[in-house]
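Asks: here is a sequence with its predicted model. Questions after.
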Amino acid sequence: MSVFADRIAPASGLVSHLARAARRIGTDALIGRARSLPRSAADLDAAALSALTGRAVSSVSVLDADAGTSSRARLELTGHGVPPTVFVKTAAATMPIRLMGELGNLADTETRFYQQLAPALTDVPRAYGAGFDSWTGRFVIVLEDLAATQCEFPDTLHPITVDQAAQVVEVLAAVHATFWNRLPARRGNGPLGWLYSASEDDVSLLTAPLLRSSTRRLAERTDLPLDRGRFINDHYRAVAALIDAPPHTVMHGDAHPGNLYFRDGRAGLLDWQAVRRGHPSRELAYTLVTSMTTQDRIAVQRDLLDVYRQALAAGGGPEIARDELWDRYRKGALYPYVAALITAGMGGMQEETIALKGLDRALEALADLETVALLEKAL
């Protein structure tokens, strides 16, 4: 690989990405209130929601609200042909979280997902309207209020069962099969050219430093075996490129248990902020490692991969060889480790007990799947 491709181009992309983030946040501070897109749930009056949803909304009231990588609220509506309640996502309230969201392209990505990809999928929340302001980075997404329905929402401290895991891999297979062979060969080409793999991300140059700093911080306050991931910390860009080798399809990108729901005997996927292109093994490893107890995962993961393979082929995707998927799945356990380590190390994105439990499971997976040894051999 040339010096330009290995160092100069990624560094240039990172600088451009950081400049765009700073420009959007600065523009928002200067003229954001003059822009037409509502800035928060409190600004979503009947006229704004009517414009976003294309429905005649008469009144709006906030039922409850919380915040994370975005600000979220449940709204009660009245009007002609409107749902009684909706779930709304808007930009994060604090500057650090907004900056993190800009670096991850979270708002633009999720808005594009609901506008361009969601109509082809089932088992995702229904979208009533979405808008993104490319000048300020502000966004609004109006969704079905799942909390008003009979849904079950797991989290890392309440792992999913084996039967639920089978439902999840079938949903992932449906997503992957829907977009198989629909992506352009190269990023930037065609209507889905905005999708990129995790290793192609302009900010991936920051991942290795974040891994090392997170390891140092956590070593001071936990007794987790963090040394298991040292090789990954030291060779992140090289091993990430291995994981992201094609063929590619569209992936949810962040299908941990907090982004799952179960309704009427079926699984569904929430929070499409991190949609990426990539090989299915990366997503499968991330989801099964973070969502199941280690004991359950070890007992049934190969069977679940078979369920996935069959569902992928039945949905119009390819027939992936069993041993090939298993090998790539074992290497793909890099992904839950990286995500969990940075989440726990940075703090503020999840409750600490949840973040540390996710990291504990990821470290266990590195060991029982022998991920590091496979990556060392493949480099």
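Replies: Arrived safely, thanks for sending.

Asks: residues contacting the residue lying closest to residue 291 once chain neighbours are set aside?
Replies: Nearest-residue entry for residue 291: residue 257, 4.4 Å, with adjacent residues in sequence omitted and distances by C-beta to C-beta, 6 or more residues apart in numbering. Placement of C-beta: from N, CA and C, glycine included. For residue 257, the contacting residues are 154-156, 158-160, 290-291, by C-beta atoms under 8 Å, 6 or more residues apart in numbering.

Asks: from the residues you listed, which is closest to residue 279?
Replies: residue 290 (17.8 Å; C-beta to C-beta).

Asks: show me the contacts for the closest one.
Replies: 156, 256-257, 336, 339-340, 358, 361-362.

Asks: can you tell me which of those residues are in helices?
Replies: 336, 339-340, 358, 361-362 (DSSP state H).

Asks: not counting sequence-adjacent ones, nearest residue to residue 16?
Replies: Using C-beta to C-beta, 6+ apart, the closest residue to residue 16 is residue 202 (6.9 Å).

Asks: was I right to think that neighbour contacts residue 13?
Replies: Yes - counting by C-beta atoms under 8 Å, residue 202 touches residue 13, with 3.8 Å between them.

Asks: which of the helices or strands spans residue 186?
Replies: Assignment of secondary structure by DSSP states H and E places residue 186 within no helix or strand.

Asks: could you give the number of residues near it?
Replies: Look at residue 186: counted by other C-beta atoms under 10 Å, it has 9 neighbours.

Asks: ditto for residue 93
Replies: 12.

Asks: give the contact list for it.
Replies: 40, 67, 71.

Asks: residue 139 versus the first one, what's the distance?
Replies: The reference is to residue 40. 11 Å (C-beta to C-beta, to the nearest Å).

Asks: need the residues touching each of these two.
Replies: Each of 90-91 lies in contact with both residue 40 and residue 139 under the rule C-beta under 8 Å, 6+ apart.

Asks: with distance to residue 180 and secondary structure added, can I get the contacts of residue 93 in TSV?
Replies: Formatted as TSV, those follow (distance: C-beta to C-beta, whole Å; DSSP: H, G, I helix; E, B strand; the rest coil):
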residue	distance to residue 180	secondary structure
40	38	coil
67	36	strand
71	35	strand
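
Asks: show me which of those residues are buried.
Replies: residue 71 (16 or more other C-beta atoms under 10 Å).

Asks: quickly find the element holding residue 59.
Replies: Counting by DSSP H and E, residue 59 is found in strand 56-67.

Asks: look at residue 214 and give its secondary structure.
Replies: helix (DSSP: H, G, I helix; E, B strand; the rest coil).

Asks: list the contacts of residue 363.
Replies: The neighbourhood of residue 363, defined by C-beta under 8 Å, 6+ apart, consists of 224-226, 228-229, 337.

Asks: which one (most neighbours) among those residues?
Replies: residue 337 (27 neighbours).

Asks: what about the closest residue to that one other than its chain neighbours, distance to residue 330?
Replies: In this structure, residue 337 finds its nearest non-sequential neighbour in residue 362, 4.3 Å apart by C-beta to C-beta, 6+ apart. Here residue 362 is placed at a distance of 13 Å from residue 330 (C-beta to C-beta).

Asks: between the two, who's got more neighbours?
Replies: Using other C-beta under 10 Å as the criterion, residue 362 and residue 330 rank with residue 362 on top: 29 against 21.

Asks: hmm, the more buried one is touching residue 341, no?
Replies: Yes - under the criterion of C-beta under 8 Å, residue 362 makes contact with residue 341 at 7.3 Å.

Asks: would you mind checking the contacts of residue 257 for buried ones?
Replies: 154-156, 159-160, 290-291.

Asks: can you tell me which of those residues are in helices?
Replies: Those of the buried ones among the contacts of residue 257 mapping onto helices are 290-291, per DSSP H.

Asks: got the buried ones among the contacts of residue 257 as a markdown table, with pLDDT and distance to residue 174 columns?
Replies: Converted to a markdown table, the buried ones among the contacts of residue 257 look like this (pLDDT from 0 to 100; distance: C-beta to C-beta, whole Å):
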| residue | pLDDT | distance to residue 174 |
| --- | --- | --- |
| 154 | 93 | 19 |
| 155 | 88 | 23 |
| 156 | 86 | 24 |
| 159 | 93 | 22 |
| 160 | 96 | 17 |
| 290 | 96 | 20 |
| 291 | 96 | 17 |
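
Asks: just to revisit the earlier point, name the helices or strands packed onto the strand holding residue 59?
Replies: helix 46-53, strand 71-80 (3 or more C-beta pairs under 8 Å, 6 or more residues apart in numbering; DSSP states H and E).

Asks: these: which one's closest to residue 115?
Replies: The nearest among the helices and strands packed on strand 56-67, by C-beta to C-beta, is helix 46-53 at 12.0 Å.
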